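1. From the sequence below, what's the structure:
(one chain, ligands or ions: 2)
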Amino acid sequence: MSDDERCEEYLFKIVIIGDSAVGKSNLLTRYARNEFNPNSKATIGVEFQTQSMLIDNKEVKAQIWDTAGQERFRAVTSAYYRGAVGALVVYDITRTSTFENVGRWLDELNMRSANRVLLLIERFNFPVNEKSHRNDDDAHSDTTVAKMLIGNKCDLESIRAVSIEEGKSLAESQGLFFMETSALDSTNVSTAFEMVIRDIYGNIS
Ligand code: GDP
Ligand code: MG
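-> Ligands and ions are numbered 1, 2, ... in the order given. Just a heads-up that it's a prediction; the model follows:
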């Protein structure tokens, strides 16, 4: 291996989305710092955390963004989604409403990441119709954003409200990876993040 190869570095932006209190912040602190916070407090201040892993002997850094509580006001900004190449869409397996809202989060993700395409087209004044917009959206979201559906809090089996099968089938129908996790007892947390990071890496190399 040459020195060039050894020094190669990658930085991927990944966003975590989903309803309030599904465990997004705790998934991130569990993955990045191996910490868990039992008190539900809106995350304020920290925009993202960075975690590195080695793939093919290359340093791959994931810059993982947390919503900082904005989801309560449906005010996640475009800046949050801008440049993201991976997304974790999280629901809480004990609250059906958070699972039912997954579609809304996916729509928002697809729409926001497609905004850039629309702006670009508008700036250059291409004659485009509704249909070609939609095709651009599809191409963009399929090719560049690695997505995983996460059913979090799987330690709370006794009060489960969404079955594993429901999660799996939603993920399959939307073309997403799927995993159940627990930020509390660490089940599948690193595995989930690393699967997304490996997928992004696989798409570009
Ligand atoms: P966010 O609003 O999506 O960022 O959710 P938080 O990470 O703030 O978590 C909301 C609440 O759920 C907190 O009280 C956490 O302690 C709790 N929580 C988060 N993840 C888990 C988990 O995997 N298992 C259990 N039992 N509780 C969790
Ligand atoms: Mg949070």
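2. Just the element for the residue in the chain positioned nearest to ligand 2, please.
-> With Cβ to the ion, the shortest gap between the chain and ligand 2 falls at residue 25, namely 3.3 Å. All C-beta spots, glycine's among them, are computed from the backbone N, C-alpha and C. Assessed by DSSP states H and E, residue 25 sits inside helix 24-33.
3. would you list every one of the strands in the chain?
-> Assignment of strands within the chain using DSSP state E yields the ranges 9-18, 48-55, 58-65, 86-92, 146-152, 177-180.
4. How much space separates residue 76 from residue 92?
-> Per Cβ to Cβ, to the nearest Å, residue 76 is found 18 Å from residue 92.
5. Which residue of these two possesses the greater neighbour count?
-> residue 92 (23 against 19; other Cβ atoms under 10 Å).
6. I'd like the distance between the residue nearest to that one when sequence neighbours are not counted and ligand 1.
-> Residue nearest to residue 92 in three dimensions, not counting chain neighbours: residue 22, with 4.2 Å by Cβ to Cβ, 6 or more residues apart in numbering. Look at residue 22 and ligand 1: by Cβ to the nearest ligand atom, to the nearest Å, they are 4 Å apart.
7. cool, residue 92 as well?
-> For residue 92 relative to ligand 1 (Cβ to the nearest ligand atom), the value is 7 Å.
8. How about residue 82?
-> Applying Cβ to the nearest ligand atom to residue 82 and ligand 1 gives a distance of 20 Å.
9. same check, this time on residue 57
-> Relative to ligand 1, and taking Cβ to the nearest ligand atom, residue 57 is found at 33 Å.
10. cool, and residue 20?
-> 5 Å.
11. Now for that residue, how many residues are close by?
-> Going by other Cβ under 10 Å, the residues that sit close to residue 20 add up to 15.
12. swap in the one 5 residues further on?
-> Applying other Cβ under 10 Å, we find 21 residues neighbouring residue 25.
13. so it makes contact with residue 66?
-> Yes. Using Cβ atoms under 8 Å, residue 25 is in contact with residue 66, at 5.4 Å.
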